[in-house]
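Colleague: A structural model of the following input is requested.
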Amino acid sequence: ETMARFTVVIPYYQKQHGILGRALASVFAQTYQDFDLVIVDDESPYPIDQELAEISQEQKDRIIVIKQSNGGPGGARNTGLDNVPDGTDYVAFLDSDDLWLPEKLEAQFPALDGRSAGWCYTDYQLLDGDDRPIPLRAGMFRPLSGRIAHALLSDETGASIVTLLLRRDLFETLGGFDETLRLREDLDFELRLAQAADAIAVPDILVRVRDHSDRKTRSAARPHEST
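Modeller: Just a heads-up that it's a prediction; the model follows:
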């Protein structure tokens, strides 16, 4: 059986206690356990040390923490990718306020393994601040595979950044996230990704995105229209 090494990159910038711990718990609950974690503290107002104090030492040993001056989510993800351990085959992203379902990595790896596609995305569920499912506020998911740049631009489908799994060398080819963008840097990255390589869509809901009051796109004026 083919095994692969994953690195999960989490940009951390939070204003309240307890959110990162839930995200980490969802990663450590994965049914596929061959992964490392890189957390980039993007000068968060809430200290990351207090969040990490509540997890086990065994879990801490699997985490690389990097602290930097605030550079936004794109810059934090780039820093994380610059520091993935040697031997990493695939890279995945999780924001510190979102949650993975336990089968995420196990479902995505065989979808990509042995195929020429460079990246994979999945369906996801939007939750309100009380963890209740709510309709997507904009866009939609359809399981479209292949070259999907046009589908992303025309809203035929949507790929949440926290559902992505991609080959490490593909990230390096693309040159990472655009650090000049403070909003929608994820869509910019996905459009370049979709132009560079075929995608594989996994139709299952494998991520829960929390649409709480501190979420960055919630505070933006008309975020979807301004994209």
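
Colleague: switch to C-alpha atoms for all contacts and neighbour counts from now on
Modeller: Noted.

Colleague: host element of Phe171?
Modeller: Using DSSP states H and E, Phe171 sits within helix 168-174.

Colleague: pull the longest strand from the protein.
Modeller: strand 199-210 (DSSP state E).

Colleague: tell me what that strand is packed against?
Modeller: Secondary-structure packing of strand 199-210 (3 or more Cα pairs under 8 Å, 6 or more residues apart in numbering; DSSP states H and E): strand 99-100, helix 104-112, strand 119-127.

Colleague: Kindly recompute the last result at 6 Å.
Modeller: Judged by 3 or more Cα pairs under 6 Å, 6 or more residues apart in numbering; DSSP states H and E, the packing partners of strand 199-210 are strand 99-100, strand 119-127.

Colleague: how about low-confidence regions in the chain?
Modeller: 1-2, 212-227 (pLDDT under 70).

Colleague: how about the strands in it?
Modeller: Going by DSSP E, the chain shows strands at 6-12, 35-41, 63-67, 90-93, 99-100, 119-127, 133-134, 165-167, 199-210.

Colleague: For those strands, could you give me JSON lines that also reports distance to Val84 and mean neighbour count?
Modeller: Below are the strands of the chain laid out as JSON lines (distance: least, Cα to Cα, whole Å; neighbours: other Cα atoms under 10 Å):
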{"stretch": "strand 6-12", "distance to Val84": "6", "mean neighbour count": "26"}
{"stretch": "strand 35-41", "distance to Val84": "7", "mean neighbour count": "24"}
{"stretch": "strand 63-67", "distance to Val84": "9", "mean neighbour count": "17"}
{"stretch": "strand 90-93", "distance to Val84": "9", "mean neighbour count": "23"}
{"stretch": "strand 99-100", "distance to Val84": "20", "mean neighbour count": "25"}
{"stretch": "strand 119-127", "distance to Val84": "18", "mean neighbour count": "22"}
{"stretch": "strand 133-134", "distance to Val84": "33", "mean neighbour count": "14"}
{"stretch": "strand 165-167", "distance to Val84": "12", "mean neighbour count": "23"}
{"stretch": "strand 199-210", "distance to Val84": "22", "mean neighbour count": "20"}
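
Colleague: my guess is Cys120 meets Asp198, correct?
Modeller: No: Cys120 is beyond contact range of Asp198, at 8.7 Å (criterion: Cα atoms under 6 Å).

Colleague: How many residues are close by Asp97?
Modeller: 24 (other Cα atoms under 10 Å).

Colleague: hang on, I meant Ser26
Modeller: For Ser26, using other Cα under 10 Å, the count is 18.
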